[in-house]
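Novice: Below are the sequence and a predicted model; questions follow.
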Amino acid sequence: MIPAIRQYYNATYNTSQYTSLVESIKEQYPGKLDFRIAETPLFIPKAFERQMMETCNYILSVIQDTSFISKTEQAIPPAFRIEGNEGKPQFMVFDFGICKNETGNYEPQLIEMQGFPSLFAYQVILDEALRDYLPIPSSMTTYLNGKTKDTYLELLKEIILGNHQKEEVILLELFPDKQKTRIDFSCTENLLGIKTVCLTKIIRKENKLFYTHEGQLKPIKRIYNRLIFDELQYQTKTVQSSFTALQKGVEVEWCNHPHWYYRISKFTLPFLHHPNIPSSYFLHEVKQLPANLDQYVLKPLFSFAGQGVEIDLNEDILQKIKDPENWLLQEKVAYADCIETPDGPAKGEVRLFYWWPAGAPSPIPVNNLGRISKGKMMGTLYNKDKNWVGATCCYFER
């Protein structure tokens, strides 16, 4: 997207250096890297960054409006409600597709948003590895809002730990060793000193929670939540009972409280009206289907990693939907072929990390991740056997 930098990068890129980059991460975290690292980062110009920020500011104004809680109350499935103070969403992320407008200029279009953490710790490691092995200009940075590696990690630690000791805070996941994002759990442990604990290993005694470490029972006073609770519906009754133990009468702080995963999600999109946000509708509220259905996508309200998304839409697919209240009809976004690669152009997507520190009037942008695709959808699941695709980060002009 910045032609001079792209040309320089491609001309100086070396496959052996990329291989060394990947191997260096695998050596640091054996058995943890379970997704493809792209051969290149994204280089984002100031004008595009500014458009994303302006769009996020608009979204944040909607989230911070006094009516937002009541508007999104029905987003939380009754089976997954958890007692306790929701507080503010400490972490949220916004995904933007890189598109072109009618004048031929690049513009961001919001794809999705989540009131949920992302690969906050791993992206620090990736940035360092990219700089060690590939031709990344020193004039660019992956951090936002003036953050550096040190100030970023300091703030991350402050938000996740709260007022507690690291031994009293856990990263919660379900079968963490099987998750594709497990490398981030390990990076979080290394950088912050907290432990990753499986939901099934949490012990409840009266109204308090504990975990076992090196044979000792440790109290849990704060949970850095990485568990997507609606994934539990596919688990056994025994696993589901582990979640039930957390729902009522427990003395613990959440970061984020699980309800924000539902409130700030695809469920929020129909409430947003902005030039950089595609029109979205709850399927059960659509009285007449658009004549140009091929220009829309159908998305389940609560899913992750692109599961259940219907890209090639027709009336037959819609007629088979038995629970339209759980689906979203969204204007299709045309990703631009914006990344020049040795074997053809690729598409890009930017995820901005926003954090809301205690006492801050509003969330702030701090970092990002990027995705590169040559398939119909983003994500490594949809780009198998392709090169210059996968997970990466974005670099912004300082």
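Specialist: Alright, I've got the coordinates.
Novice: for the residue nearest to Phe80 when sequence neighbours are not counted, phi and psi?
Specialist: Nearest residue to Phe80 in three dimensions, chain neighbours excluded: Phe229, at 4.6 Å (CB to CB, 6 or more residues apart in numbering). No exception for glycine: its C-beta is placed from N, CA and C like everyone else's. The phi and psi values for Phe229, taken as degrees, to the nearest 10, are phi -70, psi -30.
Novice: contacting residues around Phe229?
Specialist: 80, 243, 258, 261 (CB atoms under 8 Å, 6 or more residues apart in numbering).
Novice: Next: Ile2.
Specialist: Counting by CB under 8 Å, 6+ apart, Ile2 has contacts 43-45, 397.
Novice: Dump the contacts of Phe229 to CSV, plus pLDDT.
Specialist: Putting the contacts of Phe229 into CSV (pLDDT from 0 to 100) gives the following:
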residue, pLDDT
Phe80, 91
Phe243, 92
Pro258, 95
Tyr261, 95
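Novice: Any of those residues buried? List them.
Specialist: 80, 243, 258, 261 (16 or more other CB atoms under 10 Å).
Novice: Buried residues of the strand or helix carrying the second one, list them for me.
Specialist: Right, Phe243. Per DSSP states H and E, Phe243 falls inside helix 237-247. For helix 237-247, the buried set under the neighbour-count rule, 16+ other CB under 10 Å, comprises 239, 242-243, 246.
Novice: What lies in contact with it?
Specialist: By CB under 8 Å, 6+ apart, helix 237-247 touches 81-83, 174, 199-200, 202, 204, 209, 229, 232-233, 252.
Novice: next SSE after that helix?
Specialist: strand 253-255.
Novice: If you count contacts, what does that following strand end up packed against?
Specialist: On a contact count with 3 or more CB pairs under 8 Å, 6 or more residues apart in numbering; DSSP states H and E, strand 253-255 meets strand 222-225.
Novice: which other helices and strands contact the strand it packs on?
Specialist: helix 149-161, strand 169-173, strand 253-255.
Novice: now the last one: how far from the chain's centre is it?
Specialist: Okay, so that is strand 253-255. Counting by CA atoms, centre = their mean, to the nearest Å, strand 253-255 is centred 18 Å from the centre of its parent chain.
Novice: Equivalent analysis for the second one, please.
Specialist: Offset of strand 169-173 from its chain centre (CA atoms, centre = their mean): 17 Å.
Novice: Val250 contacts Ile203, correct?
Specialist: No: with contacts counted by CB atoms under 8 Å, Val250 stays clear of Ile203, the gap being 11.8 Å.
Novice: which ones among the contacts of Phe229 are found in helices?
Specialist: Taking DSSP state H as the definition of helices, those contribute 243, 261.
Novice: intersection of neighbour lists for Val250 and Ile203?
Specialist: With CB under 8 Å, 6+ apart, Val250 and Ile203 have common neighbours Leu209.
Novice: CSV for the contacts of Ile2, including pLDDT and secondary structure?
Specialist: What follows is the contacts of Ile2, written out as CSV (pLDDT from 0 to 100; DSSP: H, G, I helix; E, B strand; the rest coil):
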residue, pLDDT, secondary structure
Phe43, 98, strand
Ile44, 97, strand
Pro45, 96, coil
Glu397, 95, strand
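Novice: Quick one: buried ones out of those residues?
Specialist: 43-44.
Novice: Closest to Ile339 out of the contacts of Ile2?
Specialist: Lowest distance from Ile339 to these (CB to CB) belongs to Phe43, with 9.1 Å.
Novice: Looks like Met92 contacts Tyr354 (just checking).
Specialist: Yes: taking contacts as CB under 8 Å, Met92 lies within contact range of Tyr354: 5.0 Å.
Novice: Settle it for me: which of the two has more neighbours?
Specialist: Met92 (28 against 24; other CB atoms under 10 Å).
Novice: Is it correct that Thr55 is in contact with Ile277?
Specialist: Yes: the pair Thr55 / Ile277 is scored as a contact, 6.7 Å apart, by CB under 8 Å.
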